[in-house]
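Undergrad: Please find the sequence and the predicted model below.
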Amino acid sequence: MLGLLMMLLAHDPAAHGTAAAPRAACALTAEDKAANRRLSFREFDQLPTLPSNARSLGAAGCYREAAEATEDYLAHGPLAEPGQRAIMAFHMAQYLASAGDEREAARVVTLGRRADLPPAYHIDWNSYVDGVRAFLVKDRPALVETTARLRARKTAGDDMNAAALERLGRCFERPYKDVWTSDACAPPKPETP
């Protein structure tokens, strides 16, 4: 179940910056952080529970605040399971990259790697994380290699993650946020017979 959740979250449009334009005032107060800390992982990261939680801030285009809220939640919120921490770190990296801080995002995304996944897990999550990092640090050979590794596994989840990495590769020199908001970066649609 968590694997499916991770696979779906990896391609969350709100996390990639394809959501609505930023709200007029992106703000995150001490009171907002305290309210976020009372939320479960699902309420904080997965649902638009409060205007100040990561999901809502990211959907509103308040990427820096979403990253800040996530960092605070990881530091002071309920102790999360390893998979949940990895998901939140991955999302925080997406928020940072969408805010234009790809260097910091590259450092944070590595925290999304997981040692607790069995070798036969239905997706190669760590290769996907490595591929996103490769894009952020502009290491095209590593991006190509991780994309090929995912394609070779021939699972639905790995194919979906490979398609996301291919999108990053199509617009390799563009900022992360642009990749997810530009139709020019989308891989060509397969021809129907």
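TA: Okay, I see it.

Undergrad: can you tell me which helix in the protein is longest?
TA: Identified as the longest helix of the chain according to DSSP state H is helix 82-98.

Undergrad: What average pLDDT does the host helix or strand of residue 141 get?
TA: According to DSSP states H and E, residue 141 maps onto helix 140-153. Mean per-residue pLDDT for helix 140-153: 97.

Undergrad: Give the other helices and strands that it contacts.
TA: helix 125-136, helix 156-170 (3 or more CB pairs under 8 Å, 6 or more residues apart in numbering; DSSP states H and E). (Glycine included, C-beta is placed from N, CA and C.)

Undergrad: Was I right to think residue 143 contacts residue 169?
TA: Yes - applying CB atoms under 8 Å as the test, residue 143 and residue 169 come out as touching, 5.6 Å apart.

Undergrad: With neighbour numbers in mind, choose between the two.
TA: Between residue 143 and residue 169, residue 143 has the larger neighbour count (other CB atoms under 10 Å), namely 23 against 18.

Undergrad: Give me the spatial nearest neighbour of that one, chain neighbours excluded.
TA: Once flanking residues are discounted, residue 143 sits nearest to residue 134: 4.0 Å by CB to CB, 6 or more residues apart in numbering.

Undergrad: Where does the record place the domain boundaries for the protein?
TA: The chain resolves into domains spanning 1-17+26-111, 120-176 when parsed by automatic domain parsing.

Undergrad: Endpoint to endpoint, the shortest one covers what distance?
TA: With CA to CA, to the nearest Å as the measure, the ends of domain 120-176 fall 30 Å from one another.

Undergrad: quick revisit: I'd like the helices and strands packed on helix 140-153 laid out as a markdown table, including distance to residue 189 and mean pLDDT.
TA: Shown next, in a markdown table, are the helices and strands packed on helix 140-153 (distance: least, CB to CB, whole Å; pLDDT from 0 to 100):
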| stretch | distance to residue 189 | mean pLDDT |
| --- | --- | --- |
| helix 125-136 | 21 | 98 |
| helix 156-170 | 11 | 96 |
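
Undergrad: Please work out which of those helices is packed deepest.
TA: helix 125-136 (a mean of 24; mean count of other CB atoms under 10 Å).
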